[in-house]
Every structure is written in structure tokens, then in C-alpha cells.
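J.: fold the following for me, if possible:
(one chain, ligands or ions: 1)
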Amino acid sequence: MHFAMKRAAAISAKSPSKSETSAAVNLLDLGPDPRTETLRVLQALLVQRFGRIERAAAEWRRPEWVLVQGVIGARTKSEVSNAATDRLLKRYGSFEAVAEAPLEELQAELATQTYLNVAAERLKASLSALVERRGTVDLSHLVKMDTLSAMQWLEQLPGIGRKIAAGVMNASTLDRRAIVLDSHHTRILQRMGLVPPKANTDKAFSAIMPAMPEEWSGADFDEHHLLMKKLGQTWCRPAAPQCAACPAESFCKTGMARAE
Ligand code: SF4
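T.: Okay, here's the model as predicted:
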């Protein structure tokens with residue numbers, strides 16, 4: 001088994017709780033993680049192929065906005081969910097007012113979303129829970145929390161899983177080092193052998209975070225995610241990966257196996 005896979009499998013086999021992940025990796029003491037260099041090289045190749053994908057300053061939104069965008073965004077293009085989130089704010093004036101809106105009204109407002117009924121229900125439930133806990137739709141308390149604790153706090157809200165929690169921490173003005181794993185990104189990590197083959201989002205997050213280059217900032221994490229998403233939409237598609245054209249082929253477990 002490739003060393004990177006052994007390491008990912010070892011991390012996975014221990015099934016650490018989220019808070020134990022870093023300690024578990026230290027205890028394993030397997031030396032420098034080769035996946036880190038793989039990620040650096042991959043990032044450079046993806047920039048070479050796609051160009052830089054940097055979020056403009058105006059696109060760094062408040063954490064509350066990112067939470068809403070994530071909750072309503074299942075299987076929907078980001079641009080569509082972005083526009084829907086802006087429309088909600090414009091129509092109701094505040095996310096507190098969105099939380100109080102009748103469910104049927106929210107379903108109509110979210111007509112552009114793929115799963116509009118689920119989106120409306122989750123939106124109302126998560127915002128209502130937030131108002132119940134904080135008195136308002138306000139996540140400013142997360143600023144003082146470490147990233148993992150803040151994510152665990154967010155994941156107690158209905159409809160908030162690891163992907164949305166990581167998005168709130170990374171792709172917002174919080175600008176934290178938390179990798180957002182959507183289905184494209186997770187699939188590529190699995191195929192490359194950088195996380196266990198059947199790892200769900202939680203396990204993939206725990207497996208890959210210790211390998212992320214320590215010099216990468218929150219903005220670098222964001223750009224890496226956007227580039228991986230682009231790779232998943234271009235070559236590493238779900239049904240038929242086009243490995244021969246993919247820049248990762250020479251160090252991807254699946255790509256190398258298919259080239260033999
Ligand atoms: S080489 Fe193939 S399997 Fe690997 S990342 Fe590229 S397209 Fe996906």
C-alpha cells in the first residue's frame with residue numbers, strides 16, 4: 001500500500017473524535033506526511049491549468065451569510081445560492097425576519113434551489129435555533145473560539161454538517177484554516193488515495209486536515225477548495241474520470257492504476 005494510503009488508513013482506523021485528531025496524528029509519529037508535498041505540487045499544477053481562483057475582497061461575506069448560503073445550497077450551483085441568499089436579505093431585511101417567515105413563504109422564495117422544501121425547512125430550523133441560543137442571528141462569538149470548537153458549536157444547529165461548518169469558518173470574514181469538502185473535493189481525495197476510499201465528509205476532513213501545508217493561509221485553503229472543485233467538474237467527474245488529461249495523474253492512485 002502507498003505510504004500516503006497507509007497513513008490515511010492508520011488515521012482512519014483509530015477513528016478519533018474530532019478533538020482527538022491532532023493528538024492522534026502526533027502519537028502515530030510517522031514522520032513528515034508525504035501527502036503535504038503532494039498537496040503543494042497539486043496546488044501549483046492546478047493554478048497552472050486553471051489560473052488563480054482568488055475570492056475578491058467583496059466576496060468575503062459575514063459568517064451568518066455563509067451559513068444561510070450553505071443551508072439552502074444543497075446540490076445547487078454556488079452562484080444560484082449566492083443570489084438566493086441576497087434575495088432573502090433584501091426581501092426580509094434581516095436573517096431574524098427570515099427565521100420568523102412562514103415556511104410556505106420561504107419555500108416560494110427558495111424556488112431556485114434544487115431541494116427547495118428541504119432548504120426552507122432547514123433554513124427556518126437553523127436560524128430559529130440560532131435566535132434561541134444567541135437571541136439574534138449573530139455568530140460573532142466564534143471569533144474567540146478555536147476553529148474546531150467553533151465548528152463543533154455550529155454542528156449542533158439543525159441542518160449544519162461539517163461542510164457548512166467548515167465553509168462558515170473558512171469562506172467568510174472569519175478566514176480560518178478549515179478545508180471545505182464538497183462531493184467533488186472528497187471524491188478526488190479518495191481517488192488520489194489521500195483519504196480512505198469510503199471516507200465520508202467528517203472522516204475525510206479529519207484525515208486530510210493534518211496533511212494541509214502549514215504555510216497555507218485561510219485564503220489558500222479557500223483557493224485550494226475552489227481549484228479542486230474545478231478539477232472535479234473538469235476531469236475528475238463522478239462517472240468517467242479523464243485521467244490521461246488530468247494534471248494529477250502521475251501521483252494519483254487511481255490515475256496511475258488506470259494508466260497501467
Ligand atoms: S488522475 Fe483521474 S482519478 Fe486522479 S484526480 Fe485526475 S481524473 Fe481524478
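
J.: CA atoms for contacts and neighbours, from now on please.
T.: Will do.

J.: could you pull out the helices in the stretch 51-200 of the chain for me?
T.: Defined through DSSP state H, counting those that start in this stretch, the helices belonging to the stretch 51-200 of the chain, from first to last, are 63-71, 78-92, 95-100, 103-109, 116-134, 147-154, 162-170, 183-192.

J.: what number of residues lie near Ala171?
T.: Counted by other C-alpha atoms under 10 Å, the residues lying close to Ala171 total 28.

J.: and the pLDDT for it?
T.: Reported pLDDT at Ala171 in the predicted model: 95.

J.: identify the residues contacting it.
T.: For Ala171, the contacting residues are 60-61, 66, 219, 222, taking C-alpha atoms under 8 Å, 6 or more residues apart in numbering as the criterion.

J.: out of these, who's the most crowded?
T.: If you rank the contacts of Ala171 by neighbour count (other C-alpha under 10 Å), Asp222 sits at the top with 25 neighbours.

J.: against Leu110, how distant is that residue?
T.: Per C-alpha to C-alpha, to the nearest Å, Asp222 is found 26 Å from Leu110.

J.: picking up where we left off before, can I get the contacts of Ala171 in CSV including distance to Gly93?
T.: Formatted as CSV, these follow (distance: C-alpha to C-alpha, whole Å):
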residue, distance to Gly93
Trp60, 20
Arg61, 16
Val66, 16
Ala219, 29
Asp222, 29
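
J.: now, which of the residues you listed sits nearest the ligand?
T.: When the contacts of Ala171 are ranked by distance to the ligand (C-alpha to the nearest ligand atom), Asp222 comes first, at 18.6 Å.

J.: next to the ligand, which bits of this protein? Give me the list.
T.: 188, 191-192, 235-236, 241-243, 246, 248-249, 252, 254-255 (C-alpha under 6 Å from any ligand atom).

J.: redo the residues you listed as TSV? Include neighbour count and secondary structure.
T.: Listed next are the residues of the chain next to the ligand as TSV, based on neighbours: other C-alpha atoms under 10 Å; DSSP: H, G, I helix; E, B strand; the rest coil:
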residue	neighbour count	secondary structure
Ile188	24	helix
Arg191	18	helix
Met192	22	helix
Trp235	17	coil
Cys236	24	coil
Pro241	18	coil
Gln242	13	coil
Cys243	19	helix
Cys246	18	coil
Ala248	24	coil
Glu249	18	helix
Cys252	22	coil
Thr254	18	helix
Gly255	21	helix
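
J.: my read: Leu110 touches Ala120, true?
T.: Yes: counting by C-alpha atoms under 8 Å, Leu110 touches Ala120, with 6.9 Å between them.

J.: can you list residues touching both of these two?
T.: Common neighbours of Leu110 and Ala120 (C-alpha under 8 Å, 6+ apart) are Ile72.

J.: if I look at the closest residue to Ile164 other than its chain neighbours, how far off is the ligand?
T.: Taking C-alpha to C-alpha, 6 or more residues apart in numbering as the measure, Ile164 lies nearest to Gly70, with 5.4 Å between them; neighbours along the chain are not counted. Computed as C-alpha to the nearest ligand atom, to the nearest Å, the Gly70 to the ligand distance reads 25 Å.

J.: what about Gly70, how many residues nearby?
T.: For Gly70, the count of nearby residues is 25 (other C-alpha under 10 Å).

J.: and for Arg134?
T.: Burial of Arg134 is recorded as 12 neighbouring residues (other C-alpha under 10 Å).

J.: check it and give its pLDDT.
T.: The score at Arg134 is 97. That number is its pLDDT.

J.: report how many residues lie close to Leu231.
T.: Counted with other C-alpha under 10 Å, the burial measure for Leu231 works out to 21 neighbours.
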